[in-house]
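**Q** got a sequence here, can you build the structure:
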Amino acid sequence: MPRQPSTSAAPPGNRVQVIDRAMFLLDVLMRMPRGASALELAQATELDRTTVHRVLRTLAFWGMVQAREGIYALGPKCLVLGTAQHDRLGIRRAALPHAIELQEKGVGRRRAIVSISVPALDEVVIIERIWAPSVPLNIITDIGTHFPLDASVSGRAILAAWPRERGIAHVGEERYAAASDRLEAIRAARGLSFGLSEMRPGVGTLACPVFGRGGEAVAALIVAGLALEEELDPEAPLAQHALRSAASISAVLRAS
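**A** Numbers count the residues shown, from 1 in each chain. Just a heads-up that it's a prediction; the model follows:
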């Protein structure tokens, strides 16, 4: 559960307490897919129940939350804002043709899925995925699924490509230091990040960064599936194909 934000962490006048509380409630609700009552949210956030009710009513007015029988969940406006944000980046549009090509010619008959993730604060979020009918449904990751930057294959691919200072700004010194050995291994593997059974038992994952116009990693291209152990190597054909696809996406983004 996220901690309650503290207005003392910022200089006076730099933050608005009621907005802090609203964002805190939204962050907690994001991690409660079945929703929660106002009382449960007050207990989870340690905010006064009256304050929680007042903030929720305002968020409901703007469509940021919705309520049914006293249970609050994220509202449709969150979807509109989230879609607008990644549409503005143009990553999905640039990546989709190359992700489809990677799925068809690189993955082929393997039981694997190709995905695209983007960083969001200290996490990565899946914004697209492509798969063949033979792929088991239990390894297909939903759009909107988020993982920690430092504790996911695609997150580490992005983190390893960033300057150290930017990485620490996103995940903090302690988490960055704990992942530092793995980040060095990714850099030595030309940006390829690997993992086995991290997402689900038996699922192998490889990922590589995608670079934007400014030369910084803005996304990761991912292949995850069953029986991929032999492909979790920088010289493996599928890993090399993923690198070429990521480079093609990066070229499109740089030219846009």
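
**Q** so which bits of stretch 188-202 are buried?
**A** Buried positions in stretch 188-202, judged by neighbour count with 16 or more other Cβ atoms under 10 Å: A189, G191, L192, S193, F194, G195, M199. All C-beta atoms are positioned from the backbone trio N, CA, C, and that covers glycine.

**Q** tell me which of these fall in strands.
**A** Among those, DSSP state E puts S193, F194, G195 in strands.

**Q** now do the contacts for the last one.
**A** Read it as G195. Going by Cβ atoms under 8 Å, 6 or more residues apart in numbering, G195 touches S152, V153, G204, T205, L206, L232.

**Q** tell me the helix or strand right after the least confident helix or strand in the chain by mean pLDDT.
**A** With mean pLDDT, DSSP states H and E as the measure, the helix or strand of the chain carrying the lowest mean pLDDT is helix 76-89 (a mean of 74). Downstream of helix 76-89, the next assigned helix or strand under DSSP states H and E is helix 91-101.

**Q** ranges for the helices of the chain?
**A** Applying DSSP state H to the chain gives helices spanning 17-30, 38-45, 49-61, 76-89, 91-101, 153-161, 164-171, 173-188, 237-255.

**Q** buried stuff in the first one?
**A** By neighbour count, and taking 16+ other Cβ under 10 Å as the criterion, the buried residues in helix 17-30 are D20, R21, A22, M23, F24, L25, L26, V28, L29.

**Q** for the helices of the chain, which has the smallest mean pLDDT value?
**A** Here these differ in mean pLDDT, and the lowest is helix 76-89 at a mean of 74.

**Q** and which of the ones in strands among the buried residues of stretch 188-202 is nearest L39?
**A** Checking these against L39 with Cβ to Cβ, the nearest one is G195 at 39.1 Å.

**Q** roughly how far does that closest one sit from G214?
**A** G195 is 28 Å from G214, where distance means Cβ to Cβ, to the nearest Å.

**Q** now do A227
**A** Separation of A227 from G214 (Cβ to Cβ) stands at 38 Å.

**Q** which of these two has more residues huddled nearby?
**A** Set A227 next to G214 and count neighbours by other Cβ atoms under 10 Å: A227 wins out with 12 against 8.

**Q** residues contacting the residue lying farthest from the centre of the chain?
**A** Largest separation from the mean C-alpha position in the chain: T50, at 33.0 Å (Cα atoms, centre = their mean). With contact set as Cβ under 8 Å, 6+ apart, T50 has no partners.

**Q** any idea which of the helices of the chain is most buried?
**A** Mean neighbours per residue, mean count of other Cβ atoms under 10 Å, is largest over these for helix 153-161, with a mean of 28.

**Q** and that one, what does it pack onto?
**A** Counting contacts by 3 or more Cβ pairs under 8 Å, 6 or more residues apart in numbering; DSSP states H and E, helix 153-161 is packed against strand 112-120, strand 123-131, strand 146-148, helix 164-171, helix 173-188, strand 193-196, strand 203-211, strand 217-226.
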